[in-house]
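Visitor: Any chance you could fold what I've pasted below:
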Amino acid sequence: MRVLKVRAHQLFANYRKPLSFGFIDTYPLPPLSTIRGWFHTVVGAKEYIPLSMCIQGGAEAVVYDLQTLIKFDRKERTKQGYPLLEGFGKTLSQTPTYVANLFDVELTLYILAPEEHLQVFRENLLTAEYPHIGRYEDVARIDSVELIEPEKRSFTPRKAHTIDYGIYLKKETACNCALSGINYRQNFKYEVIKGLRYFTKVDVVYVDNGRIESGTHLFDREEGKEGRIVELIGDLPA
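Guide: Next comes the predicted model:
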């Protein structure tokens, strides 16, 4: 089994959490749906491509930015002094909003998909449009793109693996390995029914420290000082 391994760097990034408005918060790593959408955009897909992914990395710091959010609002807000946009029946409102930005982000992504699509992604990554992950302004520097074959490795208390990097794990994996972290129920993909999007969600745990002392996991021994596990989450079995 071959997967596409992408190393990327972003100076600033915000991977927005849903329903964060007054304060725009960020996930610690790009969510599954962001990487899925990025892959489909770069490939130029006209229909859904089954894939699985492993998202790893970390940031040096979180910095907070005060921005002005400009949006269309209710017509009734003209009573509060907001200007009315003739022809739209909406007011134009401005709201100061704090935005959490990750600073100096290093990402390592592993993508499993039909190999012909991986090859197209590899070819188009620097030519389709400028690379960005998340917001359009969150430009990504692509440091390397390569096809690799992760190996399977078994772990025991005497032959444990130390996690000192951020990674999304399946909730089942985190429970089986007695790892604690931040639990998220993330959107993964959606289908459109009668004009509405219905999302398939996945339970993941963000972990950035701990030890894996049991089980058999995919492993990339070339990444980092002691290698890294490759936890593929998505449609395709590892």
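Visitor: Tell me which residues are up against the longest helix seen in the chain.
Guide: Ranked by residue count under DSSP state H, the longest helix found in the chain is helix 32-43. By C-beta atoms under 8 Å, 6 or more residues apart in numbering, the residues outside helix 32-43 that reach it are 15, 30, 48-49, 51, 53, 55, 109, 111, 113, 117, 120-121, 124-125, 128, 133-134, 168, 186-189, 202, 204, 233-234. For the C-beta atoms, the positions are set from N, CA and C on the backbone; glycine is no exception.
Visitor: Filter those residues down to the ones in strands?
Guide: Judged by DSSP state E, the subset of the contacts of helix 32-43 located in strands is 53, 55, 109, 111, 168, 186-189, 202, 204, 233-234.
Visitor: Quick one: the helices in the chain, in order.
Guide: With DSSP H as the criterion, the chain has helices spanning 32-43, 115-124, 171-176.
Visitor: shouldn't residue 219 be in contact with residue 154?
Guide: No - no contact is recorded between residue 219 and residue 154 when judged using C-beta atoms under 8 Å, the distance being 9.6 Å.
Visitor: who's more crowded, the two?
Guide: In this comparison of residue 219 against residue 154, neighbours counted by other C-beta atoms under 10 Å, the higher total goes to residue 219 at 19 against 10.
Visitor: Just give the nearest non-adjacent residue to the most centrally placed residue in the chain, would you?
Guide: Within the chain, the residue whose C-alpha comes closest to the C-alpha centroid is residue 30; the distance, by C-alpha atoms, centre = their mean, is 2.1 Å. In space, not counting the residues next to it along the chain, residue 30 is nearest to residue 15; the distance is 5.0 Å by C-beta to C-beta, 6 or more residues apart in numbering.
Visitor: Look at that neighbour and say how many residues are nearby.
Guide: A count of neighbours around residue 15, defined by other C-beta under 10 Å, yields 23.
Visitor: check contacts around it.
Guide: Taking C-beta under 8 Å, 6+ apart as the criterion, residue 15 is in contact with 26-31, 34, 102, 134.
Visitor: quick check, nearest of these to residue 68?
Guide: Out of the contacts of residue 15, the one with the shortest distance to residue 68 is residue 26. That distance is 18.6 Å, counting by C-beta to C-beta.
Visitor: That closest one against residue 10, yeah?
Guide: No - counting by C-beta under 8 Å, residue 26 stays clear of residue 10, with 11.7 Å between them.
Visitor: Quick check: neighbours shared by those two?
Guide: Common contacts of residue 26 and residue 10 (C-beta under 8 Å, 6+ apart): residue 102.
Visitor: These two: which is more packed in?
Guide: When residue 26 and residue 10 are compared on other C-beta under 10 Å, the one with more neighbours turns out to be residue 10, at 25 against 20.
Visitor: Check the spacing between that one and residue 91 real quick.
Guide: Distance check for residue 10 against residue 91: by C-beta to C-beta, to the nearest Å, it reads 35 Å.
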